[in-house]
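Trainee: sequence and computational prediction follow.
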There are 2 protein chains.
Amino acid sequence: MQDLWKHYPTIARKLEAVNALINQRLSTPHPGVHDLLAACAQEQGKLLRPGLFLLFSQLGDKQHQDEQQLTKIAASLELLHRASLIHDDIIDDSPLRHGTITIQAEYGKDIAVYAGDLLFTVFFQILIETMNGTSYMEYNATAMKKLLLGELNQMHARFDQRQTIAAYLENINGKTAALFKLACSEGAYFGHTDQAVTACAARIGTNIGISFQIFDDILDYASSTKILQKPVLEDISQGVYTSPLLFAATAHPGEFASYLDKRQNISAQEIKQVAQLVRQYGGIEQAKQLAHTYTEKALADIDQLPSNETTQKIRKIALTLLKRNF
Amino acid sequence: MQDLWKHYPTIARKLEAVNALINQRLSTPHPGVHDLLAACAQEQGKLLRPGLFLLFSQLGDKQHQDEQQLTKIAASLELLHRASLIHDDIIDDSPLRHGTITIQAEYGKDIAVYAGDLLFTVFFQILIETMNGTSYMEYNATAMKKLLLGELNQMHARFDQRQTIAAYLENINGKTAALFKLACSEGAYFGHTDQAVTACAARIGTNIGISFQIFDDILDYASSTKILQKPVLEDISQGVYTSPLLFAATAHPGEFASYLDKRQNISAQEIKQVAQLVRQYGGIEQAKQLAHTYTEKALADIDQLPSNETTQKIRKIALTLLKRNF
């Protein structure tokens, strides 16, 4: 967290309150359960979604803002994100996440299922406390549903070499961009900006989310375990074919089929050869181009926001997020 | 379902509308995902919770009732129940539920995690449509949290031969009775009865739920797979020690320890010997006694309800539910 938000001391300070709230809400008197939930809570990601939420809330009038409400809603976004991560890790059988052992790897799948469910419940409780009766209840439920359908569709598309870029984009729109959209629009709304700014924030969130996910998928082909803090190229062995591979495989289907037809039985050596083909046929470059079109859309909308210091910060964060380590 | 509700044609008809709504809400255009969700939806249990909800709603004034709202809330209770069942089956690794193959056994754990999550989301969406802004939003979140903490605590207490009956009751209060309480009290509330009836309904639900769960646990020791439609005595090998065993083992700890200290390595033959000891030392009788005290509490409260045809039906259903096959 500190790395991303260190140049934004106000946001960094507020994010500490968000983390404290999450820890407090996941506490329970039962020692074994407590340890497990504390381990969930300690998972320290970049706090991207609550950070974006808080940043967009600063576009509004501080006079009308309820700081406690904002902290709670920021926490709700992180809880929804972490709940879905815990359940994703069960599916991916992922031993590492952000360089630390995942809940399911340490405590077992059984605990991870309930831990994720409990985070969903606390998410739900915080929404009721902060926005019961408003349309944002519905927007949150819709985002949660899109997120899950994105994951389910991605799972269904596993090992599908003929998946289109359009289908890929639809899946990442659900599994990643829906929550970014929610974070930015909720920030604008509960920060008491006007309707036009809130609508603009929603579009910015969507486009940052899509671009962010494309870059995240590129990292799998272009980075080392050390930088990424998770095993590299794991997507291929799990049958999750993302845009670098889809671009290259669509242009040269025969060459890829000889490897990918082996599905999960593909060897580590063969995975490296697939990655080499992806690079050779320009899959990474094409994926970067795709990401850039969404980055450009986001930046064009950021230029429509009120011209002030907060907007400058939003622009900077967008550029930082979308200029990744490769 | 038909078996339990066949003498209640009005409820049976309404439950068909509830099932239709659930099927409709779980439909999605993606074929693979659709099949899986349809399989979830077809899971036909006894529809106990929506049935109780509808029955209690009939205590109120029909003039003031919104039939569509009642159908939706009934569906929400069933969705919450089924979501938790799908996730429980992952933990239990249970191949059968109500005589049919469980989602996780047929589609794999991965799909089961997301399918359960999606049911939670649809549950959440229906609440927002029917009761956004009311205190019942919070009551639903609380019930969901109690349900999960009950499951988590039960998991934490696995293989604990010294678990007290008080701790056991607390767990089943969470994992079963919280949802029965919600069903009965929501029925009374959204059926537009008065406050005293709603409070009474909540108590009835809790006590029916506790008694029901104790009887359910007794069935594991006293029934055959054919009647129960799930593997018998599976609780022992999973380390879930319920009241029949806890009563007997507390009185004769040494005899049980020689078997139970083997934990999951206990053999099928040894499990049968444990069950024999449970019967021999009156564990089943004591558990039945315990269940009866809660049945009696429920019946005493049912006698406080307005004296009419619906109350007679509630009494009958309670007696049917709590007089099980053994």
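Mentor: Right, received. Where do you want to start?

Trainee: per-residue confidence for the most centrally placed residue in chain A?
Mentor: Within chain A, one residue has its C-alpha closest to the average C-alpha position: by Cα atoms, centre = their mean, that is A:T176, at 4.7 Å. Among the per-residue scores, A:T176 shows a pLDDT of 96.

Trainee: what's near enough to touch the nearest residue to it once chain neighbours are set aside?
Mentor: For A:T176, the nearest residue in space outside its immediate sequence neighbours is A:Q213; the separation is 4.0 Å by Cβ to Cβ, 6 or more residues apart in numbering or on different chains. For the C-beta atoms, the positions are set from N, CA and C on the backbone; glycine is no exception. Under the criterion of Cβ atoms under 8 Å, 6 or more residues apart in numbering or on different chains, the contact partners of A:Q213 comprise A:172, A:175-177.

Trainee: if I look at the residue nearest to the centre of chain A, how far off is chain B?
Mentor: Using Cβ to the nearest Cβ, to the nearest Å, one obtains 16 Å as the distance from A:T176 to chain B.

Trainee: give the residue spans of chain A that score low on pLDDT.
Mentor: Counting by pLDDT under 70, chain A has low-confidence residues at A:1-2, A:30-33, A:36, A:40-44, A:92-107, A:223-232, A:324-326.

Trainee: so the residue nearest to the centre of chain A is in contact with A:I210, correct?
Mentor: Yes - with contacts counted by Cβ atoms under 8 Å, A:T176 reaches A:I210, the gap being 7.2 Å.

Trainee: what's the neighbour count on A:S258?
Mentor: Here the number of neighbours of A:S258 (other Cβ atoms under 10 Å in any protein chain shown) works out to 11.

Trainee: name the element it belongs to?
Mentor: Taking DSSP states H and E as the criterion, the element that holds A:S258 is helix A:253-260.

Trainee: one more: A:H192?
Mentor: Per DSSP H and E: nothing holds A:H192, as it lies in no helix or strand.

Trainee: same check on A:G51?
Mentor: helix A:48-57.

Trainee: now that helix - C-alpha only, PDB.
Mentor: Once side chains and other backbone atoms are set aside, the C-alpha atoms of helix A:48-57 remain, and they are given as PDB (Å, rounded to 0.1, in the frame of the first residue of the first chain):
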ATOM      1  CA  LEU A  48      -6.500   0.300  -4.800                       C
ATOM      2  CA  ARG A  49     -10.300   0.300  -4.700                       C
ATOM      3  CA  PRO A  50     -10.700   2.200  -1.400                       C
ATOM      4  CA  GLY A  51      -7.900   4.500  -2.400                       C
ATOM      5  CA  LEU A  52      -9.600   5.400  -5.700                       C
ATOM      6  CA  PHE A  53     -12.900   5.800  -3.800                       C
ATOM      7  CA  LEU A  54     -11.300   8.200  -1.300                       C
ATOM      8  CA  LEU A  55      -9.500  10.100  -4.100                       C
ATOM      9  CA  PHE A  56     -12.800  10.600  -6.000                       C
ATOM     10  CA  SER A  57     -14.600  11.600  -2.900                       C
END
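
Trainee: for that helix, packing partners?
Mentor: Contact analysis of helix A:48-57 by 3 or more Cβ pairs under 8 Å, 6 or more residues apart in numbering or on different chains; DSSP states H and E lists helix A:2-5, helix A:9-25, helix A:67-92, helix A:178-190, helix A:195-222, helix A:309-321 as its packing neighbours.

Trainee: kindly recompute the last result at 7 Å.
Mentor: For helix A:48-57, the helices and strands in contact under the criterion 3 or more Cβ pairs under 7 Å, 6 or more residues apart in numbering or on different chains; DSSP states H and E are helix A:9-25, helix A:67-92, helix A:178-190, helix A:309-321.

Trainee: deepest in the core, which of these is it.
Mentor: By mean neighbour count, with neighbours taken as mean count of other Cβ atoms under 10 Å in any protein chain shown, helix A:178-190 ranks first of those at a mean of 28.

Trainee: what's the neighbour count on whichever residue of the stretch 101-250 of chain A sits closest to chain B?
Mentor: Of all residues in the stretch 101-250 of chain A, A:G133 sits closest to chain B, with a separation of 2.9 Å (Cβ to the nearest Cβ). Residue crowding around A:G133 was assessed by other Cβ under 10 Å; the count is 13.

Trainee: how close does the closest residue to A:T242 other than its chain neighbours sit to B:T320?
Mentor: Spatially, and ignoring its direct neighbours in sequence, A:T242 is nearest to A:D217 (3.6 Å; Cβ to Cβ, 6+ apart). Shown here: A:D217 relative to B:T320, a distance of 56 Å by Cβ to Cβ, to the nearest Å.

Trainee: close to chain B: what parts of the stretch 151-300 of chain A are there?
Mentor: Within the stretch 151-300 of chain A, the positions lying close to chain B (Cβ under 7 Å from any Cβ of the partner chain) are A:151-153, A:155-156.

Trainee: which residue packs closest to the residue of the stretch 101-250 of chain A closest to chain B, ignoring adjacent ones?
Mentor: By the measure of Cβ to Cβ, 6+ apart, the closest residue to A:G133 outside its immediate chain neighbours is B:G133, 2.9 Å from it.

Trainee: one more: A:L233?
Mentor: Counting by Cβ to Cβ, 6+ apart, the nearest residue to A:L233 once its immediate chain neighbours are dropped is A:I271, at 5.2 Å.

Trainee: any idea which element the one you found lies in?
Mentor: Using DSSP H and E, A:I271 falls within helix A:268-280.

Trainee: next secondary structure element downstream of that helix?
Mentor: Sequence order places helix A:283-302 as the next helix or strand after helix A:268-280, per DSSP H and E.

Trainee: give me the outermost residue of chain A relative to its centroid.
Mentor: Residue of chain A lying farthest from the centroid, by Cα atoms, centre = their mean: A:G254 (33.0 Å).

Trainee: and it, how far from chain B?
Mentor: Taking Cβ to the nearest Cβ as the measure, A:G254 and chain B are separated by 26 Å.

Trainee: ok, A:L80 next?
Mentor: Here the criterion is Cβ to the nearest Cβ. By it, A:L80 lies 11 Å from chain B.

Trainee: what do you get for A:Y8?
Mentor: 32 Å.

Trainee: same thing with A:V18?
Mentor: Computed with Cβ to the nearest Cβ, the distance linking A:V18 and chain B is 20 Å.
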